[in-house]
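Student: I'll drop the sequence and a predicted model, then ask my questions.
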Amino acid sequence: MLMNRRTFSSALVAGAAASLIASRGMAAPSAPVKARNVVLVHGLFADGSCWSEVIGRLQAAGLNATSVQNPLTTLPEAVASAERVLARQDGPTVLVGHSFSGMIVTEAGMHPNVSSLVYVAARAPDAGEDYTALAKTFPTPPATAGIVFDGDEGRLSEAAFLRDFAGDLPEAKAKVLYAVQQPFHKALLTGKTMQAAWRSKPSFYAVSTEDRTINPDLERFMAKRMGARTIELKASHLSLISHPQEITRLVLEAAGHQA
């Protein structure tokens, strides 16, 4: 059976990842340093409250959790907002990112307070990598067609938000999340990470197998390339809300705590 162009491209990329891991001896991350601080960063079409279900569970486990209000303006400004919060942490800190904020985790994760990284259905570029070009080697997810712009500000249409972003949430809950989504600036999407913290720090990844915002196979590729400890959840892009217990367990593992 002949493969179509995109399937063939995806196979080439996956093969390249396997070769990279083998040639560089990249393996599953070693046991992380025990941490009591967690900093969480949100992505596009959301605000810091999207982490509420996870934050409550982390607090119940005795961890200090802080959600960054990502300005969604430019990548340097978004990274700076995370770095300011990281600088306030007392001791080792787990840095967690969802969706677009994987870009922020990858860059800001170099901060000396960061002991490990957690990616939740998130972008995980290499240093200087064109993430958009990488994503185009995989089939385009449906949510992309639902992005609408008002001048330089972008947001997700209500139909796309309910169907492609929050597809496994009750409609009433998804509509509340849609109402508080924070628009992003076009300039944000042009940024590239200059460093890749996952190359030097223990990394963890939660793949959403029903994701319609980032292709699940792209998520798997990025997780494998970084040698991350990986879990797969039958979830939409918003696994942090539909599966908060599983996400909390992964963060606790990254913090060196028993889940």
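Tutor: Looks like it came in fine.

Student: and Ala46, which of the three is it?
Tutor: Secondary structure of Ala46, reduced to three states by DSSP: H, G, I helix; E, B strand; the rest coil: coil.

Student: in space, what's closest to it - neighbours in sequence excluded?
Tutor: Spatial nearest neighbour of Ala46, chain neighbours left out: Gln181 (6.0 Å); criterion: C-beta to C-beta, 6 or more residues apart in numbering. Using the backbone N, CA and C atoms, a C-beta is placed for each residue, glycine as well.

Student: ok, the one you found - contacts?
Tutor: Contact analysis of Gln181 by C-beta atoms under 8 Å, 6 or more residues apart in numbering lists Phe45, Ala46, Asp47, Arg155, Leu156, Phe161.

Student: repeat that for 10 Å
Tutor: Neighbouring residues of Gln181 by C-beta atoms under 10 Å, 6 or more residues apart in numbering: Leu44, Phe45, Ala46, Asp47, Cys50, Leu72, Arg155, Leu156, Glu158, Phe161, Phe165.

Student: got a PyMOL select line for the buried ones in the residues you listed?
Tutor: Buried subset of the contacts of Gln181, written as a PyMOL selection, criterion 16 or more other C-beta atoms under 10 Å:
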select buried, resi 44+45+46+50+72+155+156+161+165
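
Student: so Arg84 makes contact with Val68?
Tutor: Yes. Counting by C-beta atoms under 10 Å, Arg84 does reach Val68; the two are 8.4 Å apart.

Student: neighbour count winner among these two?
Tutor: The residue with more neighbours, out of Arg84 and Val68, is Val68; 24 against 11, by other C-beta atoms under 10 Å.

Student: could you measure from that one over to Ala78?
Tutor: 9 Å (C-beta to C-beta, to the nearest Å).

Student: now swap in Thr132 and tell me
Tutor: Distance, Thr132 to Ala78, by C-beta to C-beta: 17 Å.

Student: do the same with Pro139
Tutor: Separation of Pro139 from Ala78 (C-beta to C-beta): 27 Å.

Student: neighbour count winner among those two?
Tutor: Ala78 (26 against 15).

Student: CA atoms of the helix or strand harbouring that one as PDB?
Tutor: Using DSSP states H and E, Ala78 sits in helix 75-87. The C-alpha trace of helix 75-87 is given here as PDB (Å, rounded to 0.1, in the frame of the first residue of the first chain):
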ATOM      1  CA  LEU A  75       7.000  34.800  23.200                       C
ATOM      2  CA  PRO A  76       9.700  36.800  25.000                       C
ATOM      3  CA  GLU A  77       7.000  38.600  27.100                       C
ATOM      4  CA  ALA A  78       5.300  35.300  27.800                       C
ATOM      5  CA  VAL A  79       8.600  33.700  28.900                       C
ATOM      6  CA  ALA A  80       9.400  36.700  31.100                       C
ATOM      7  CA  SER A  81       6.000  36.400  32.800                       C
ATOM      8  CA  ALA A  82       6.800  32.800  33.700                       C
ATOM      9  CA  GLU A  83      10.400  33.700  34.800                       C
ATOM     10  CA  ARG A  84       9.100  36.300  37.200                       C
ATOM     11  CA  VAL A  85       7.000  33.700  38.900                       C
ATOM     12  CA  LEU A  86       9.800  31.100  38.900                       C
ATOM     13  CA  ALA A  87      12.100  33.600  40.600                       C
END
